[in-house]
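Student: pasting the sequence and the predicted model now:
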Amino acid sequence: MDKVIGRNYEKDFLTKKLSSNESELIAIIGRRRIGKTFLVRQTYANHINFDMVGLQNGTLHEQLQIFASRLTECTQSKMPLQKPKNWIEAFEQLAAYLNSIKSKKKKVLFFDEFPWISTAKSGFVEAFAHFWNSWASNANIVVIICGSSASWMFNNVINAKGGLHNRLTKLIKLEPFTLSETHEYLKSRKVNLDKYQIVQLYMAMGGVPHYLKEIQAGFSATQNIDTICFSKTGLLNNEYKNLYAALFDHPEKHLEIIEVLAKKWKGFTRNEIIEHSSFSNGGALTKTLNELEKSSFITSYAPFNKKKRESLYRLTDEYSLFYLKFIKNNTSTKKGTWLQLSQKQTYKSWSGYAFESLCLNHVNKIKEKLGISGIYTQEGSFSYKGDSVNKGFQIDLLIDREDKTMNLCEMKFYASEFTLNKQYADALRKKRELLKIESKTKKHIFITLITTYGLIQNQHSLGLVDHIVTLEHLF
């Protein structure tokens with residue numbers, strides 16, 4: 001059986017709860033295919049006393065039948081237990097079974113795809129809240145609830161106003177693997193690729209374990225992307241709509257924003273999103289943006305020295321961006337499709353942006369390389385619109401440090417070492433100068449280059465580039 005890669009904090013937290021003296025109600029959220037179920041089952045392998053998985057689009061009758069079947073298995077009853085009439089009766093049966101267990105080990109319950117169990121007008125959430133408040137909260141028990149539907153989990157559990165209000169003892173948001181965890185995961189599956197190849201894969205599909213599981217040993221990143229994303233039977237050829245439908249109650253609005261953001265590498269402000277979509281400036285837009293950000297599909301970056309309403313929203317989910325750029329309108333499923341597409345100018349533009357997003361998602365590793373992990377920082381962007389004298393520009397990653405300095409980060413994806421020419425060096429100096437003037441900062445500004453294989457030092461880079469971060473440092 002596969003072991004859990006990464007997730008060290010989550011595994012340690014869940015394990016410690018087995019020896020606590022209090023009941024725990026823990027919600028685990030995260031996008032489809034991220035590994036929520038695998039984490040729980042591996043960590044609590046020999047401790048789960050009852051578990052059930054909701055049936056997508058199932059009826060109340062079907063969900064109760066699944067409950068009865070699982071309770072029959074867990075109690076090891078020789079005769080099938082009768083299906084309860086409703087969820088109140090179901091939880092009474094569950095409490096009776098748990099009371100009958102004589103073991104001193106802490107009991108664990110696991111409800112997977114919790115939102116699917118809660119069919120319309122079923123009373124499931126109310127009955128579950130009653131079960132927790134009247135019995136489980138005083139029974140020294142761990143109850144885990146998981147759900148891919150972020151909007152449902154936030155509305156009905158995390159921000160609940162009824163019987164579950166403020167009852168969660170912990171919320172765990174499971175994020176995609178980092179580059180380091182991706183490398184470790186692939187090695188555990190005997191896939192041995194160098195870091196440049198892994199970055200190419202990551203930029204196309206992100207760190208989603210179920211996607212990475214499709215990668216075959218003995219094939220290059222280009223070959224794997226070709227098979228997984230462009231063949232008729234490839235997992236990621238048709239994953240896009242299923243992904244959002246599983247996460248959100250009304251995914252059409254979420255998809256609209258995703259597809260708007262995919263049109264502009266540098267991101268849109270809230271007002272620009274309104275201009276390019278059917279949304280008006282109200283609560284529906286706020287709610288949809290929040291749900292997408294909490295689900296790690298988009299990221300908002302507060303501009304340096306500007307108001308929050310001027311924040312930029314960027315599409316930072318690797319797979320969604322790759323799908324919309326290359327898969328959605330592609331009609332060819334022939335072998336070698338990706339090899340052909342990756343020779344075009346569109347690929348160069350996409351890879352530059354995808355690498356920027358990858359860097360933004362690994363800021364902690366960048367800070368580690370810069371030796372500032374222990375310094376309080378704020379990460380943001382900076383935009384200069386330009387004037388009659390100077391061209392406009394945008395800095396996508398500005399690390400504003402508490403030690404009276406800033407790192408102006410430039411991110412470049414190259415297949416070899418990067419060479420700074422005079423034109424680019426002059427542009428960097430101008431960026432630094434205008435940043436200082438326009439932001440009115442008195443902080444010292446370090447120019448930091450983040451690139452694949454580093455920098456070839458020459459007369460243009462010496463005395464200008466203060467720090468160099470490479471792929472090695474992002475892992």
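Tutor: Nice, thanks for sending it over.
Student: next, count neighbours for residue 154.
Tutor: 20 (other CB atoms under 10 Å). C-beta: built from backbone N, CA, C; applies to glycine.
Student: surely it and residue 295 touch.
Tutor: No: under the criterion of CB atoms under 8 Å, residue 154 makes no contact with residue 295, lying 9.7 Å away.
Student: residues of stretch 265-272 that come out buried?
Tutor: Buried residues in stretch 265-272, counted by 16 or more other CB atoms under 10 Å: 265, 267-270.
Student: shouldn't residue 171 be within a helix?
Tutor: No: looking at residue 171 with DSSP: H, G, I helix; E, B strand; the rest coil, it is strand, so not inside a helix.
Student: tally of neighbours for the spatially closest residue to residue 442 that is not a sequence neighbour?
Tutor: Spatial nearest neighbour of residue 442, chain neighbours left out: residue 404 (7.7 Å); criterion: CB to CB, 6 or more residues apart in numbering. Neighbourhood size, residue 404 [other CB under 10 Å]: 9.
Student: buried residues in the longest helix belonging to the chain, which are they?
Tutor: Counting residues, the longest helix found in the chain (DSSP state H) is helix 422-439. Along helix 422-439, these residues count as buried under the neighbour rule (16+ other CB under 10 Å): 424-425, 428, 431-432, 434-436, 439.
Student: send the alpha carbons of that helix over as CSV?
Tutor: Extracted C-alpha coordinates of helix 422-439, given in CSV (Å, rounded to 0.1, in the frame of the first residue of the first chain):
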residue,chain,number,x,y,z
LYS,A,422,22.3,45.5,-21.9
GLN,A,423,18.7,46.2,-22.9
TYR,A,424,17.3,43.9,-20.1
ALA,A,425,19.8,45.3,-17.6
ASP,A,426,18.8,48.8,-18.3
ALA,A,427,15.1,47.9,-18.0
LEU,A,428,15.8,46.3,-14.5
ARG,A,429,17.6,49.5,-13.3
LYS,A,430,14.7,51.6,-14.6
LYS,A,431,12.2,49.3,-12.7
ARG,A,432,14.1,49.7,-9.5
GLU,A,433,14.4,53.4,-9.9
LEU,A,434,10.7,53.9,-10.7
LEU,A,435,9.6,51.5,-7.9
LYS,A,436,11.5,53.7,-5.4
ILE,A,437,10.1,56.9,-6.8
GLU,A,438,6.4,55.8,-7.3
SER,A,439,6.1,53.9,-4.0
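Student: helix or strand right after that helix?
Tutor: As assigned by DSSP states H and E, the chain's next helix or strand after helix 422-439 is strand 444-451.
Student: what packs against the helix or strand hosting residue 288?
Tutor: Secondary structure assigned from DSSP H and E places residue 288 in helix 283-294. Counting contacts by 3 or more CB pairs under 8 Å, 6 or more residues apart in numbering; DSSP states H and E, helix 283-294 packs against helix 150-153, helix 251-261, helix 270-275, strand 298-301.
Student: least confident of these, on average?
Tutor: For these, mean pLDDT drops lowest on helix 150-153, to a mean of 84.
Student: quick one, grab the pLDDT at the nearest residue to residue 80 once chain neighbours are set aside.
Tutor: Closest residue in space to residue 80, ignoring its immediate chain neighbours: residue 72 at 5.2 Å, by CB to CB, 6+ apart. With respect to pLDDT, residue 72 has a value of 97.
Student: then residue 250?
Tutor: Reported pLDDT at residue 250 in the predicted model: 85.
Student: so which of the buried residues of helix 422-439 comes closest to residue 389?
Tutor: Nearest to residue 389 among those: residue 434, at 10.2 Å, using CB to CB.
Student: what residues are up against that closest one?
Tutor: 384, 390, 393 (CB atoms under 8 Å, 6 or more residues apart in numbering).
Student: report the buried members of those residues.
Tutor: Neighbour-count burial (16+ other CB under 10 Å) applied to the contacts of residue 434 gives residue 384.
Student: show me the contacts of residue 434 that map onto strands.
Tutor: Those of the contacts of residue 434 mapping onto strands are 384, 393, per DSSP state E.
Student: make CSV out of the contacts of residue 434 and add distance to residue 246 and pLDDT.
Tutor: Shown next, in CSV, are these (distance: CB to CB, whole Å; pLDDT from 0 to 100):
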residue, distance to residue 246, pLDDT
384, 41, 87
390, 47, 89
393, 39, 89
